[in-house]
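J.: turn this into a structure:
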Amino acid sequence: MAWTWRYFGAGGSGPVDGDLPAETFTSRGDAESWLGENWQELADGGVDRVALLEGDKQVYEMALEPVE
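T.: Next comes the predicted model:
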């Protein structure tokens, strides 16, 4: 099963597409590692929240906020 990210804009608007990466991963760990390396670029591109999908099933959703 493929793992992907769905992007949401500020204020819960979404899903956001545009010029954002549409990566597909073979494992949850690969998807989460990729997000850890690219979350700032996504946030700079207008993404406020992301949802991890396994196929069509949403596994979880989280905000893209820096850790303080």
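
J.: show me the helices in this structure, by range?
T.: Counting by DSSP state H, the chain has these helices, from start to end: 28-44.

J.: and the strands in it?
T.: With strands called from DSSP state E, the chain shows them at 3-9, 47-54, 57-63.

J.: reformat the ones you listed as a markdown table; add mean neighbour count, mean pLDDT and distance to residue 35.
T.: In this view, the C-beta of every residue, glycine as well, is placed from N, C-alpha and C. Formatted as a markdown table, the strands of the chain follow (neighbours: other CB atoms under 10 Å; pLDDT from 0 to 100; distance: least, CB to CB, whole Å):
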| stretch | mean neighbour count | mean pLDDT | distance to residue 35 |
| --- | --- | --- | --- |
| strand 3-9 | 18 | 93 | 6 |
| strand 47-54 | 19 | 94 | 7 |
| strand 57-63 | 10 | 95 | 9 |
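
J.: figure out which of the ones you listed is closest to residue 37.
T.: Residue 37 sits nearest to strand 3-9 of all these, at 12.4 Å, using CB to CB.

J.: from residue 48, how far out is residue 65?
T.: Taking CB to CB, to the nearest Å as the measure, residue 65 falls 9 Å from residue 48.

J.: will you turn the strands of the chain into a markdown table that also has distance to residue 19?
T.: Listed next are those as a markdown table, based on distance: least, CB to CB, whole Å:
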| stretch | distance to residue 19 |
| --- | --- |
| strand 3-9 | 11 |
| strand 47-54 | 11 |
| strand 57-63 | 21 |
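
J.: the nearest residue to residue 27 once chain neighbours are set aside: what's it in contact with?
T.: Setting aside the residues directly before and after it, residue 27 is nearest to residue 3 in space (CB to CB, 6 or more residues apart in numbering), at 6.6 Å. Going by CB atoms under 8 Å, 6 or more residues apart in numbering, residue 3 touches 24-28, 30-31, 52-54.

J.: out of the residues you listed, which end up buried?
T.: Neighbour-count burial (16 or more other CB atoms under 10 Å) is assigned, among the contacts of residue 3, to 25, 31, 52-53.
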